[in-house]
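Novice: model the following, please.
(chains A, B and C)
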Amino acid sequence: MNFIHLIDYTGTFAFAISGIRLASAKKFDWFGAYVVGLVTAIGGGTLRDLLLDVTPFWMLQPSYLIVTALALVFVILLGKLVIRLNNTFFIFDAIGLGLFVVVGIEKSLAAGFPFWVAILMGMITGSAGGIIRDIFINEEPLIFRKDIYALSCLLGGVVFYICTKMYFAPFIIQIVSAVSVIIARILAVKYHISLPILRGHEDETPSKIL
Amino acid sequence: MNFIHLIDYTGTFAFAISGIRLASAKKFDWFGAYVVGLVTAIGGGTLRDLLLDVTPFWMLQPSYLIVTALALVFVILLGKLVIRLNNTFFIFDAIGLGLFVVVGIEKSLAAGFPFWVAILMGMITGSAGGIIRDIFINEEPLIFRKDIYALSCLLGGVVFYICTKMYFAPFIIQIVSAVSVIIARILAVKYHISLPILRGHEDETPSKIL
Amino acid sequence: MNFIHLIDYTGTFAFAISGIRLASAKKFDWFGAYVVGLVTAIGGGTLRDLLLDVTPFWMLQPSYLIVTALALVFVILLGKLVIRLNNTFFIFDAIGLGLFVVVGIEKSLAAGFPFWVAILMGMITGSAGGIIRDIFINEEPLIFRKDIYALSCLLGGVVFYICTKMYFAPFIIQIVSAVSVIIARILAVKYHISLPILRGHEDETPSKIL
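Specialist: Reported below is the predicted structural model:
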């Protein structure tokens, strides 16, 4: 297991923890919590792989299922500690996000897609798991209303593109791109930076529009 | 850009507008509104392409992402105008629906599937985006309760089949099929034609059934 | 039509009935009820086939669409009977579940995946349709909170694996595995066996966690 794997599993663990905690707030049972943790951790990469038409990454080796199981055991045994470690998990989550974006971009480029698709796939890898998580727990996806989560992924993609055009070494490109995601994410949360709300149609309902 | 492209982008624009307006009613931010607009516009075709095992159409050229971005800018800048133009957008939406159904059928036949699959894919192309949109904004899918949206798509598919069996020219088949969708949709909304509600199990809940 | 087909269609029918009844509780129209019944019956197998990258099984022959249509007609014509036959449908549902799990496992092994993926695909085949159904009717997925539905599928997978390692004949493996799912399901419902609820984060919301 090298350094990239370590970060990958750390990010998976942090994503799974966020899903499991939300499932526990809904009084899901252990199995439900495991599934919600799992889709949070692997949902984005799975959607990416389906769109790229490659075998979903977690079907090639069982480690992602195992890491999610460890996250479940962790929450069951050390529930209160998880709440106290909120800031630590946020950092893990941001690091995982940075790596997921880079992995998504590289996998898409390797599959022969142009850069604009790869940047999109980086965003999907980082963001879609949280959207599926919120659909599973029957909440409006948080990502659509708070902080600049997906925009951090977009920034990382643009940085990846610029560094590539400047002929940086692959390792440098990966680091700079991931770090830009992490910093953007931390700054957005710390300073409550968010996008404008779309206003003007407050009382519309589906039946009034269609 | 030929005539078909023009209609395609018009339909995409109208579908995206409907998603963006509903997202604004939920106070989503600009990014959330963009995503909801995008899944409304491309969700049906994406599900179709995943089922057919071909590369999702919007990954082959960025125009659908751009048209959706224009729809977002349009709503941000001209919000009240969108509401006044409700009827105009409904017509665009119906035209887009007609085209989406025809595209879905032709793509499925080209992929070697039988006609009944193609008709189903036409319905999915036209309808699934709206279902995913309603799941994203955490509402019961409107299409399951109002007007004969999906049945208009089914009608277009049957008309396509009959015209094919009568050896009409491809261009005629496309036009007649799309127009039948558009007319069915307009008549259903104008005269409030809808399917019967399924009654008799009003107080059932998942836990009582399973 | 052989014995396996008969069980397959029986399970499809029972799964579709459960979706249609829940749709009727939400006052969906006939089309909406049909779609919810259909996704309940074929959703799990469709997700499995997308993940395995094979053509979704219901696109190869129209019988699953027809069985679902019969289920809709059945509920429309004999609504009250369906409620009286609740226990019968539960048995059908359990039998269908057992078969779906076995089919999911065998299809995954035939596609060249290792056993742990096949067991997971058996669970997805049996469970994912119900999750999609509950998302469509905008409820928290029941499976995450009640009885050991997915664990019954997991048990069937483990039994399948053990029987395979013991060199049982394929037919015996299928029967023993399916029956173990059916018995586990019936016992879980009869004796209200369920997994522990995950506690300790009752007041968490997505915005507090991320």
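
Novice: and the residue of chain A nearest chain B?
Specialist: The nearest approach of chain A to chain B comes at A:Phe144, 2.6 Å away (C-beta to the nearest C-beta). Glycine gets a C-beta too; all of them are placed from N, C-alpha and C.

Novice: contacts only, for that residue.
Specialist: Residues in contact with A:Phe144 (C-beta atoms under 8 Å, 6 or more residues apart in numbering or on different chains) are B:23, B:26, B:28-29, B:31-33, B:35-36, B:136.

Novice: same thing with A:Gly104?
Specialist: Applying C-beta under 8 Å, 6+ apart to A:Gly104 gives the contacts A:44-45, A:48, A:118, A:121-126.

Novice: let's see if you can find the most crowded of those.
Specialist: In terms of neighbour count, A:Gly126 stands highest of the contacts of A:Gly104 at 33 neighbours, by other C-beta atoms under 10 Å in any protein chain shown.

Novice: near chain B at all, stretch A:56-76?
Specialist: No: if you take C-beta under 8 Å from any C-beta of the partner chain as the test, stretch A:56-76 misses chain B, and the best it gets is 12.6 Å.

Novice: alpha carbons of that stretch, as CSV, please.
Specialist: Provided in CSV are the C-alpha atoms of stretch A:56-76 (Å, rounded to 0.1, in the frame of the first residue of the first chain):
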residue,chain,number,x,y,z
PRO,A,56,-16.8,0.2,-11.3
PHE,A,57,-13.6,0.6,-9.3
TRP,A,58,-14.9,-1.1,-6.1
MET,A,59,-15.8,-4.3,-8.0
LEU,A,60,-12.1,-4.9,-8.7
GLN,A,61,-11.0,-5.3,-5.1
PRO,A,62,-12.9,-5.5,-1.8
SER,A,63,-11.0,-2.8,0.1
TYR,A,64,-13.6,-0.1,-0.3
LEU,A,65,-16.3,-2.3,1.2
ILE,A,66,-13.9,-3.2,4.1
VAL,A,67,-13.0,0.4,4.8
THR,A,68,-16.7,1.3,4.9
ALA,A,69,-17.3,-1.6,7.3
LEU,A,70,-14.5,-0.2,9.5
ALA,A,71,-16.1,3.2,9.4
LEU,A,72,-19.4,1.6,10.6
VAL,A,73,-17.6,-0.2,13.5
PHE,A,74,-15.9,3.0,14.4
VAL,A,75,-19.2,4.9,14.6
ILE,A,76,-20.9,2.1,16.6
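
Novice: what residues of it count as buried?
Specialist: Buried residues in stretch A:56-76, counted by 16 or more other C-beta atoms under 10 Å in any protein chain shown: A:56-59, A:64-65, A:67-68, A:71-72, A:74-76.

Novice: out of the residues you listed, which are close to chain C?
Specialist: For chain C, the contacts drawn from the buried residues of stretch A:56-76 by C-beta under 8 Å from any C-beta are A:56, A:59, A:65, A:75-76.

Novice: columns secondary structure, distance to A:Ala16 and pLDDT on top of those, output as TSV?
Specialist: Output for these, formatted as TSV (DSSP: H, G, I helix; E, B strand; the rest coil; distance: C-beta to C-beta, whole Å; pLDDT from 0 to 100):
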residue	secondary structure	distance to A:Ala16	pLDDT
A:Pro56	coil	16	96
A:Met59	helix	17	97
A:Leu65	helix	10	96
A:Val75	helix	9	91
A:Ile76	helix	13	91
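
Novice: please enumerate the helices of chain A.
Specialist: For chain A, applying DSSP state H gives helices covering A:3-25, A:30-52, A:63-77, A:79-84, A:86-110, A:115-136, A:149-165, A:170-190, A:206-209.

Novice: by mean pLDDT, show me the worst of the ones you listed.
Specialist: Mean pLDDT is lowest for helix A:206-209 among the helices of chain A, at a mean of 54.

Novice: find me the pLDDT at A:Glu202, would you?
Specialist: 56.

Novice: quick check: closest non-adjacent residue to the closest residue to chain C within chain A.
Specialist: Nearest residue of chain A to chain C (C-beta to the nearest C-beta) works out as A:Gly32 at 2.6 Å. Nearest non-adjacent residue to A:Gly32, counting by C-beta to C-beta, 6 or more residues apart in numbering or on different chains: C:Phe144, 2.6 Å away.

Novice: any idea how far the one you found is from C:Asp134?
Specialist: Using C-beta to C-beta, to the nearest Å, C:Phe144 is found at 9 Å from C:Asp134.

Novice: center of chain A - which residue?
Specialist: Closest residue to the average C-alpha location of chain A: A:Gly126 at 3.2 Å, with C-alpha atoms, centre = their mean.

Novice: list the contacts of it.
Specialist: When contacts are counted by C-beta under 8 Å, 6+ apart, A:Gly126 touches A:44, A:97, A:100-101, A:104, A:149-150, A:152-153, A:181.

Novice: and the closest residue in space to it that isn't next to it in sequence, how many neighbours?
Specialist: Closest residue to A:Gly126 apart from its sequence neighbours, by C-beta to C-beta, 6+ apart: A:Cys153 at 4.2 Å. By the criterion of other C-beta under 10 Å, A:Cys153 has 29 neighbours.
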